[in-house]
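give me coordinates for this.
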Amino acid sequence: MKTLLMATFLLFPLAAQAMCYTVYDASDKMIYRSATSPVSLKGSLRDAVQERFPGGAMTITNDYSCPSYDRAAAEAQERANAAEAKRRNAERGEATRVTAEQERMASTQQAKAASGSRNPADPNQKSDREARLERRLSELKNTSSDPNDKYAGEKKHSQNLQMMAVESELGRAEACRKAGYKGPACAPTPAEPAPQRPMNCMPNGIGGMNCF
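Alright, predicted model coming up:
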């Protein structure tokens, strides 16, 4: 009976059966498993295993359930995944940086527009505030009074006071620009004089004038 079993075993070599090849490293951790041998089964199996897996050991079992595993391939895939994740993070970071830079530039442009589009690098470029004050001063200078108006003198005096106030503000704005928008000339000042209509004055009956 033993002879018959031995003959049967010889007729069906190991390679034809469902074999599972598992390799462990020196710390007894699995590094390879497959239904395909990782080394040639011809010659010295021990030498072949040591040549490919220094310090390792391989077991061969008759196991129909043999899920494949290759630690070297798995580690290579992990490195590839990490590199891809790093690349994507870098792209997202660059996109975020570009968006932030665009927002900063837009904010800077809006701030310049709100402050009169002034350019500190060019002290010869007048600000919008200077332009407004110059227009207001020109309007006051070109305002003429009716020579037949008996209150023309009081109106002219009021006009001169407004012109002096506008000229003062215009001088401060110019000094601020020439100083690079820094220094005392750029300190907050009272609001720019608003356009005023000529005053109408009438005697108040007690030697004075009521102007409105």
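
tell me the domain ranges of this protein?
18-70, 128-198 (automatic domain parsing).

which of the ones you listed has the lowest mean pLDDT?
Least confident of those, judged by mean pLDDT, is domain 128-198 with a mean of 75.

starting at the chain centroid, how far to that domain?
How far domain 128-198 lies from its chain's middle: 44 Å, per C-alpha atoms, centre = their mean, to the nearest Å.

please apply the same query to stretch 103-111.
Stretch 103-111 sits 13 Å away from the centroid of its parent chain (C-alpha atoms, centre = their mean).

send me that stretch as PDB with only the CA atoms.
Output of stretch 103-111 as PDB, limited to C-alpha atoms (Å, rounded to 0.1, in the frame of the first residue of the first chain):
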ATOM      1  CA  GLU A 103      -6.700  88.900  -4.000                       C
ATOM      2  CA  ARG A 104      -3.900  91.000  -2.500                       C
ATOM      3  CA  MET A 105      -3.300  92.800  -5.800                       C
ATOM      4  CA  ALA A 106      -7.100  93.400  -6.200                       C
ATOM      5  CA  SER A 107      -7.200  94.700  -2.600                       C
ATOM      6  CA  THR A 108      -4.200  97.000  -3.300                       C
ATOM      7  CA  GLN A 109      -5.800  98.400  -6.400                       C
ATOM      8  CA  GLN A 110      -9.100  99.100  -4.500                       C
ATOM      9  CA  ALA A 111      -7.200 100.800  -1.700                       C
END
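
who's in contact with that stretch?
Taking contacts as C-beta atoms under 8 Å, 6 or more residues apart in numbering, no residue outside stretch 103-111 touches it. Where you see a C-beta, it was placed from the backbone N, CA and C, and this is true even at glycine.

sorry, back to before: as CSV, the domains of the chain with distance to residue 102 and mean neighbour count would be great.
As requested, those are exported to CSV (distance: least, C-beta to C-beta, whole Å; neighbours: other C-beta atoms under 10 Å):
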stretch, distance to residue 102, mean neighbour count
domain 18-70, 47, 14
domain 128-198, 25, 14
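
reformat those as a markdown table; add distance to residue 84.
Below are the domains of the chain laid out as a markdown table (distance: least, C-beta to C-beta, whole Å):
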| stretch | distance to residue 84 |
| --- | --- |
| domain 18-70 | 20 |
| domain 128-198 | 49 |
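
for those, which one sits closest to residue 82?
The minimum distance between residue 82 and the domains of the chain falls on domain 18-70, with 18.0 Å, by C-beta to C-beta.

quick check: end-to-end length of the closest one?
Using C-alpha to C-alpha, to the nearest Å, the end-to-end distance of domain 18-70 comes to 19 Å.
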